[in-house]
Every structure is written in C-alpha cells, then in structure tokens.
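Trainee: I would like the atomic coordinates for the input below:
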Amino acid sequence: MEELKPELVQQCKTKLLEAKSDILNRVREAKDSLNKNFDDSKGGDEGDQTLRALAETEFLNMNERMRKQLVEIELALARIESGNYGICEETEEAIEADRLLAIPWTRLSIEGAEIRESMQKRYAR
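Mentor: Numbering: from 1, shown residues only. I've put the predicted structure just below:
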C-alpha cells in the first residue's frame with residue numbers, strides 16, 4: 001500500500017479545518033439571519049407565519065446538510081490522527097492525491113466510488 005506524503009496530508013488537514021470553520025460560520029450566520037428577520041414571529045398574519053415556517057424549514061434542511069458534512073470532516077480529521085487517512089474503504093488502496101485535495105473528507109477512491117455506486121444500483125432494485 002502506497003504511503004501518502006506528509007505534505008499532502010498536511011494540505012488536506014488545513015483544507016478540512018478551513019471547511020469546518022466555514023460550515024460553522026455559515027450555520028451561525030443563517031441562524032442569526034433567521035432570528036433577526038423573524039424576531040416577532042409569534043404574531044403576524046398568516047402570510048408572516050407561513051414565511052417564518054418556510055424559512056425555518058429551509059434553515060433546518062441546510063443545517064442537516066451542514067451537519068452531515070461536518071461529521072465527514074470530523075471523521076477525516078480522526079483518520080489523519082490515527083494514520084488511516086487517504087485509504088479507500090472499498091479497495092483499501094491509497095486514494096488519489098488530486099481527489100483528496102478536491103474532496104479532503106472523501107473515504108473512497110474513484111474506483112471505490114464506482115464499486116460502491118454499482119453495488120447500490122444493484123441492490124436498489
């Protein structure tokens with residue numbers, strides 16, 4: 001199994017930490033915006049209440065996507081700490097450096113992603 005260069009791992013770790021910070025900031029800003037735009041949400045007519053409900057639903061959907069992304073980032077950081085970073089979960093081979101730089105939280109090589117996708121298609125029927 002091919003060992004990843006320490007410089008690549010450090011670059012990916014930096015990208016992961018930046019992505020984590022960005023996600024946390026985006027969630028905080030969205031929450032602040034929601035609270036600011038709908039301070040007096042208890043009152044208002046049906047239209048106001050509907051807008052508030054739609055905004056809350058949109059916030060919750062975004063929050064769930066960001067939470068899942070954050071979990072993937074945390075798992076990748078844990079793999080770096082444990083020395084398992086950059087190893088494909090499907091093929092157990094090293095993940096391509098370009099792929100890690102593009103998607104530093106990935107757990108699959110291109111080949112591994114194709115294998116997993118074909119398995120999902122096969123069992124989805």
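Trainee: can you give me the helices in the protein?
Mentor: 6-37, 46-82, 97-102, 110-124 (DSSP state H).
Trainee: Now do the shortest one: distance to the chain's middle.
Mentor: If I follow you right, that is helix 97-102. Chain-centre distance of helix 97-102: 15 Å, with Cα atoms, centre = their mean, to the nearest Å.
Trainee: And stretch 57-64, by the same measure?
Mentor: Taking Cα atoms, centre = their mean, one finds the center of stretch 57-64 at 14 Å from the center of the full chain.
Trainee: Show me the shaky parts of the chain.
Mentor: 1-2, 38-43, 125 (pLDDT under 70).
Trainee: possible to save the helices of the chain as a markdown table with mean neighbour count and distance to Glu89?
Mentor: Heads up, the C-betas are built off the backbone N, CA and C, glycines and all. Converted to a markdown table, these look like this (neighbours: other Cβ atoms under 10 Å; distance: least, Cβ to Cβ, whole Å):
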| stretch | mean neighbour count | distance to Glu89 |
| --- | --- | --- |
| helix 6-37 | 13 | 16 |
| helix 46-82 | 13 | 10 |
| helix 97-102 | 14 | 13 |
| helix 110-124 | 12 | 6 |
